[in-house]
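In: sequence first, then the predicted structure:
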There are 2 protein chains.
Amino acid sequence: MTTKADADRLFLGIDVGGTNIKAGVVTGDGVVLHKASVSTEAIEGPDHGVSQMARAARLALQQSDVPPECVEAIGLATPGTMDIPAGMLLDPPNLPGWQNYPVRQKVQAAIGRPTILENDANAAAYGEYWAGSASDAASLVFFTLGTGLGGGIIVDDTIVQGEHSHGSELGHTIIEMDDGRLCKTGQYGTLEAYCSATALIQRFREAMDAGRQSSVTDRMDDVTPLSPLLMAEEAEKGDELSIELILEMARCLGVATTSIVHVIDPTIVLLGGAMTFGRHETRIGRMFLERVRDEFRSRAFPVLAEKISIDYATLGGNAGFIGAAGCARRAANRGQLPG
Amino acid sequence: MTTKADADRLFLGIDVGGTNIKAGVVTGDGVVLHKASVSTEAIEGPDHGVSQMARAARLALQQSDVPPECVEAIGLATPGTMDIPAGMLLDPPNLPGWQNYPVRQKVQAAIGRPTILENDANAAAYGEYWAGSASDAASLVFFTLGTGLGGGIIVDDTIVQGEHSHGSELGHTIIEMDDGRLCKTGQYGTLEAYCSATALIQRFREAMDAGRQSSVTDRMDDVTPLSPLLMAEEAEKGDELSIELILEMARCLGVATTSIVHVIDPTIVLLGGAMTFGRHETRIGRMFLERVRDEFRSRAFPVLAEKISIDYATLGGNAGFIGAAGCARRAANRGQLPG
């Protein structure tokens, strides 16, 4: 426990992805002093990965002119599967070979400060809740749209982690019971099979096979593969197929949002991650958001349709490490830091 | 706050339905002393309804030989829609004419003890969590199968009430995005359109219209209308159509369970309410449960499929008032009783 003002407290957030590790020094009131990014080099194994995490942390600390001992605690966000209370990675698909690895304890030993572990999507949700576009909300449902679809839910400052560290797996919401599309998890009809970069690319290919036309194909060559970014750019220029597929993805997200909102009844729903099509800055980004909202409003109970707002998140790629730092602060405030 | 042992504390739980009001005196460790039931006579309006609640309470107290002043607090469970923090009924479809009614305050005034309000499905869930078949669980997803489909979710002794008193509306989980069946709420593809007494009867009628045969029709006459009970009885005797329709209902419940479990990741899932087909006591009850489990296991992440159990609830029709009493105890323990 501490009596310091939040502005004078310092936390370190580390967000580990399959490709990059981001670390940032964050004050107790959510201001980022400095951040750093290094390669994960996941293929080199988890011990090397931890040394990369420590390297990113060191860079962020040096730039912030903060000695490690001034950091109250470290929040570590990684992809799952994991056992959060045990601080263990179990079998993370995005970090192949890092099985059954006590990552929390290893990072704590490497940097020398009390460390807590959180799922990366949960941490990003907590970042938006603590210091982002949901900071006035009592509760939040957060979607991360990327290669797959992740999520995080916060209710009254509590992260819905689940009893087996599998809470808030929003990509596994089933939206089509029969004749649903196949997801990479081997399941049919889940949201992730309709609303993810993987799904969008697959549907584009199916449309091509069915003889549809698109200006996206004019942009593709040996060095420029089909990508959601390419589709978003062409959608912005008016490519009908790209617009259609992106809005169909939004419709499916609106359906799942309806189900999840009637479970949680949150203050706000936020959409984050790389697959947000330029957000409010582009026409297709605005169309995407409006399509999600329309689908939700047409399917929800009237009081929820009226009162719950759906919007884009604001912290972008920083949400993960900011949220991880916020989780460390929360654990410190509750006297729940490991020794 | 109290320093009494739970066994020496007394609470009153009142469960208001469209037809009957149940009241029970419950100790602080969840033992029912006596219970009473009276007609709601909802048509007579909310003030008369409150006098009926007070009557049921008085009967239960007299039978228990407990003077009202020995009751620490009252838990009142009613159907929604409602504003839980405000203690208000808003526009409950099952209590027509009881709009915008300050039911919590009226009951508190009528009986003279501090009263808290809770949604009836949430209260039933809390009953199972506190004193029923989930009393060893850290968290619970609870379905009430009846005319409609309701639900309640408890995580770490907290009821997922939602920001607008619409949390845990599990009947509104969408399981079929396109070409879904129509629910009485006017929505398509929601769980309630597949898994409720209303849905079961409707599907039976559709099968009759399509020329299917069933021994249920031999039992129906002017005084014995088509009902889920009749179908369950004939299913138990081997009627193929009844078995098929009941197991299809179970399959749909298994689909929605998968979605909700990946949001909450609870310790246990329980099925309660009148539409549980004799539970473990009958073959069709056991088949129903096994079908829900099979569908869930085939669709869930392996760790959740393995670790989360699905079973019938045990408190039956007492869950509501027991849970309401438990909610009153919880509010007392947290110093959250109204003055």
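Out: Thanks, I have the structure now.
In: what's next to stretch A:96-108, contact-wise?
Out: A:14, A:42-43, A:45-47, A:49-50, A:53-54, A:74, A:76, A:78, A:86-92, A:114-117, A:338 (C-beta atoms under 8 Å, 6 or more residues apart in numbering or on different chains). From N, CA and C alone the C-beta is placed, and that goes for glycine too.
In: so which of those sit within helices?
Out: The members of those that map onto helices under DSSP state H are A:P46, A:D47, A:G49, A:V50, A:M53, A:A54.
In: most neighbours among these, which one?
Out: Sorting these by how many neighbours each has (other C-beta atoms under 10 Å in any protein chain shown) puts A:M53 first, at 28 neighbours.
In: pull the contacting residues for it.
Out: By C-beta under 8 Å, 6+ apart, the residues touching A:M53 are A:I14, A:V16, A:I21, A:A23, A:L76, A:V107, A:A110, A:I111.
In: mind checking the SS state of the spatially closest residue to the fourth one that is not a sequence neighbour?
Out: Excluding the flanking residues, the one nearest A:A23 by C-beta to C-beta, 6 or more residues apart in numbering or on different chains is A:A56, at 3.7 Å. Each residue gets one of three states, and A:A56 gets helix by DSSP: H, G, I helix; E, B strand; the rest coil.
In: can you get me a residue count around A:A56?
Out: Neighbour count for A:A56, taken as other C-beta under 10 Å: 25.
In: so who does it touch?
Out: Neighbouring residues of A:A56 by C-beta under 8 Å, 6+ apart: A:I14, A:I21, A:K22, A:A23, A:A36, A:S37, A:V38.
In: kindly reformat those residues as JSON lines containing secondary structure, neighbour count and pLDDT.
Out: Formatted as JSON lines, these follow (DSSP: H, G, I helix; E, B strand; the rest coil; neighbours: other C-beta atoms under 10 Å in any protein chain shown; pLDDT from 0 to 100):
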{"residue": "A:I14", "secondary structure": "strand", "neighbour count": "28", "pLDDT": "98"}
{"residue": "A:I21", "secondary structure": "strand", "neighbour count": "25", "pLDDT": "98"}
{"residue": "A:K22", "secondary structure": "strand", "neighbour count": "23", "pLDDT": "98"}
{"residue": "A:A23", "secondary structure": "strand", "neighbour count": "31", "pLDDT": "98"}
{"residue": "A:A36", "secondary structure": "strand", "neighbour count": "20", "pLDDT": "98"}
{"residue": "A:S37", "secondary structure": "strand", "neighbour count": "17", "pLDDT": "98"}
{"residue": "A:V38", "secondary structure": "strand", "neighbour count": "18", "pLDDT": "98"}
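In: just the residues you listed now: which is nearest B:Q187?
Out: Proximity of the contacts of A:A56 to B:Q187 (C-beta to C-beta) peaks at A:K22, which lies at 41.4 Å.
In: what about that closest one, distance to A:D15?
Out: 5 Å (C-beta to C-beta, to the nearest Å).
In: okay, and the common contacts of those two?
Out: Counting by C-beta under 8 Å, 6+ apart, the contacts common to A:K22 and A:D15 are A:G320, A:F321.
In: hang on, the earlier thing: in PyMOL, how would I select the buried members of the contacts of stretch A:96-108?
Out: The buried residues among the contacts of stretch A:96-108 can be selected in PyMOL (16 or more other C-beta atoms under 10 Å in any protein chain shown) with this line:
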select buried, chain A and resi 14+42+46+49+50+53+54+74+76+78+87+88+89+91+92+114+115+116+117
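In: please enumerate the strands of chain A.
Out: Counting by DSSP state E, the segments of chain A that form strands are A:10-16, A:20-27, A:32-39, A:73-78, A:82-83, A:88-89, A:115-119, A:139-145, A:149-155, A:158-159, A:268-272, A:309-312.
In: take the ones you listed and write them to a markdown table, including distance to B:F142.
Out: Below are the strands of chain A laid out as a markdown table (distance: least, C-beta to C-beta, whole Å):
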| stretch | distance to B:F142 |
| --- | --- |
| strand A:10-16 | 36 |
| strand A:20-27 | 39 |
| strand A:32-39 | 42 |
| strand A:73-78 | 32 |
| strand A:82-83 | 26 |
| strand A:88-89 | 30 |
| strand A:115-119 | 25 |
| strand A:139-145 | 20 |
| strand A:149-155 | 17 |
| strand A:158-159 | 19 |
| strand A:268-272 | 24 |
| strand A:309-312 | 28 |
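In: number of nearby residues for the closest residue to chain B within the stretch 51-200 of chain A?
Out: The minimum distance from the stretch 51-200 of chain A to chain B, using C-beta to the nearest C-beta, falls at A:G162 (2.3 Å). Neighbour count of A:G162, defined by other C-beta under 10 Å: 25.
In: go ahead and confirm it touches A:G152.
Out: No: the pair A:G162 / A:G152 is not scored as a contact, 11.3 Å apart, by C-beta atoms under 8 Å.
In: mutual contacts of those two, please.
Out: Here A:G162 and A:G152 have A:S168 as joint contacts, going by C-beta under 8 Å, 6+ apart.
In: so the residue of chain A most remote from its centre versus A:L241, what's the distance?
Out: Residue farthest from the centre of chain A, counting by C-alpha atoms, centre = their mean, is A:G211 at 34.9 Å. Look at A:G211 and A:L241: by C-beta to C-beta, they are 11 Å apart.
In: can you pull out the helices in the stretch 101-250 of chain A?
Out: A:103-111, A:120-131, A:197-209, A:216-219, A:228-236, A:240-264 (DSSP state H, counting those that start in this stretch).
In: now render those helices as a markdown table, adding mean pLDDT.
Out: Shown next, in a markdown table, are the helices of the stretch 101-250 of chain A (pLDDT from 0 to 100):
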| stretch | mean pLDDT |
| --- | --- |
| helix A:103-111 | 98 |
| helix A:120-131 | 97 |
| helix A:197-209 | 97 |
| helix A:216-219 | 96 |
| helix A:228-236 | 97 |
| helix A:240-264 | 98 |
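In: which of these is buried the deepest?
Out: Highest mean neighbour count among those (mean count of other C-beta atoms under 10 Å in any protein chain shown): helix A:120-131, with a mean of 29.
In: perfect, that will be all.
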